[in-house]
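>>> how would this look folded up:
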Amino acid sequence: QVQLVESGGGLMQAGGSLRLSCVASGSVFSVNYMGWYRQAPGKQRELVAATAPGGKILYQDSVKGRFTVSRDNAKNAVDLQMNSLKPEDTAVYYCNAAWVDPDDISIRGMEYWGEGTLVTVSA
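Numbers count the residues shown, from 1 in each chain. The predicted structure is shown next:
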């Protein structure tokens with residue numbers, strides 16, 4: 001089992017910045033993929049950004065150039081720096097950790113989710 005603890009959500013005005021942090025504990029050796037997803041009211045959960053095997057970095061198109069995901073293997077942590085926030089970034093943000101096939105990241109084994117942290121961006 002892997003436990004994920006998120007921090008850093010809150011209320012911010014449009015154009016501002018927030019940083020989310022997620023620390024993993026437990027059987028962290030079993031995961032090779034860590035990232036952030038979000039779910040806005042009435043919408044499906046979606047990928048925001050993630051780090052995958054082989055140094056791959058994934059971003060949703062709408063956050064490219066504004067958000068930066070970073071992985072600290074020594075701390076078993078993944079952070080999400082969010083700049084130039086927009087009201088449409090408002091959502092509950094979830095940390096995700098999983099094992100994925102290094103050759104095809106769509107093939108996933110066990111995965112784990114944090115409880116989520118709310119990010120609200122006002123206009």
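
>>> need the helix or strand of the protein with the lowest average pLDDT.
For the chain, counting by mean pLDDT, DSSP states H and E, strand 104-113 ranks last in confidence among helices and strands (a mean of 92).

>>> residues making contact with that strand?
With contact meaning C-beta atoms under 8 Å, 6 or more residues apart in numbering, strand 104-113 is reached by 1-4, 24, 30-31, 33, 52-53, 56, 58, 94-101. From N, CA and C alone the C-beta is placed, and that goes for glycine too.

>>> residue ranges with poor pLDDT in the protein?
Counting by pLDDT under 70, the chain contains no low-confidence segment.

>>> can you pull the buried residues of the least confident helix or strand of the chain?
105, 112 (16 or more other C-beta atoms under 10 Å).

>>> same question for stretch 8-24.
Of the residues in stretch 8-24, those with enough neighbours to count as buried (16+ other C-beta under 10 Å) are 8, 9, 12, 18, 20, 21, 22, 23, 24.

>>> which of those sits closest to residue 40?
In terms of C-beta to C-beta, no member of the buried residues of stretch 8-24 lies closer to residue 40 than residue 9, at 13.6 Å.

>>> skipping its backbone neighbours, what lies nearest that closest one in space?
Here the nearest residue to residue 9 in space, its sequence neighbours aside, is residue 117; by C-beta to C-beta, 6 or more residues apart in numbering that works out to 3.3 Å.
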